[in-house]
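1. got a structure for you, letters missing:
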């Protein structure tokens, strides 16, 4: 090999190697996205779509509440025992300041225990205790489970696991559109 060729190769090495790393990072990122998508799809496999089932009950504060046509609503299944719900609930609380939210506390104790939990964390959204196993009618088996129901009573969006307040707001806005 000529010395000019060797010097040219040595000068180009720093530029060639990072490209390989970039491709490797891209490949790894794409694989991670694919795995995350597969996991979320698996978690949401039982969540219903189409027309929302009837949802009415008495909140833990003793007030009647119902899912009604004509209003976009976020339906939130969660538990006081759920670590991911502890991340999502503050965001649901912020969303509830501007949008209708009906939450169902799954396997979370008596109304008094749920109210105590809500007070300790400063949550203001309405809660129904899940004595009637509402989560089963909705297909919520992974918590938290969030459904966005449009004005016609159709489930427009559903998700399980952690989500952001801006993501919930965006879905509510799209469902109202």
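-> Good, I have the coordinates. Since the structure is predicted, the reported quantities are computational estimates derived from the model, not experimental observations.
2. to the chain's geometric centre, what's the distance from the longest helix along the chain?
-> The residue-count maximum for a helix in the chain (DSSP state H) belongs to helix 3-43. From the chain centre to the centre of helix 3-43 is a distance of 31 Å (CA atoms, centre = their mean, to the nearest Å).
3. swap in stretch 99-113?
-> Worked out by CA atoms, centre = their mean, stretch 99-113 lies 17 Å from the chain centre.
4. And the contacts of that stretch?
-> With contact meaning CB atoms under 8 Å, 6 or more residues apart in numbering, stretch 99-113 is reached by 55, 60, 65, 67, 71-81, 92, 95, 114, 117, 125-130, 134-135, 140, 143, 169, 172. All C-beta atoms are positioned from the backbone trio N, CA, C, and that covers glycine.
5. Recalculate using a threshold of 7 Å.
-> The contact list for stretch 99-113 (CB atoms under 7 Å, 6 or more residues apart in numbering) reads 55, 60, 65, 67, 71-81, 92, 95, 114, 125-130, 134-135, 143, 172.
6. quick one on the thing from earlier: which secondary structure elements does the next helix or strand after the longest helix of the chain contact?
-> Once the chain leaves helix 3-43, the next helix or strand it forms, by DSSP states H and E, is strand 50-51. Secondary-structure packing of strand 50-51 (3 or more CB pairs under 7 Å, 6 or more residues apart in numbering; DSSP states H and E): strand 154-160.
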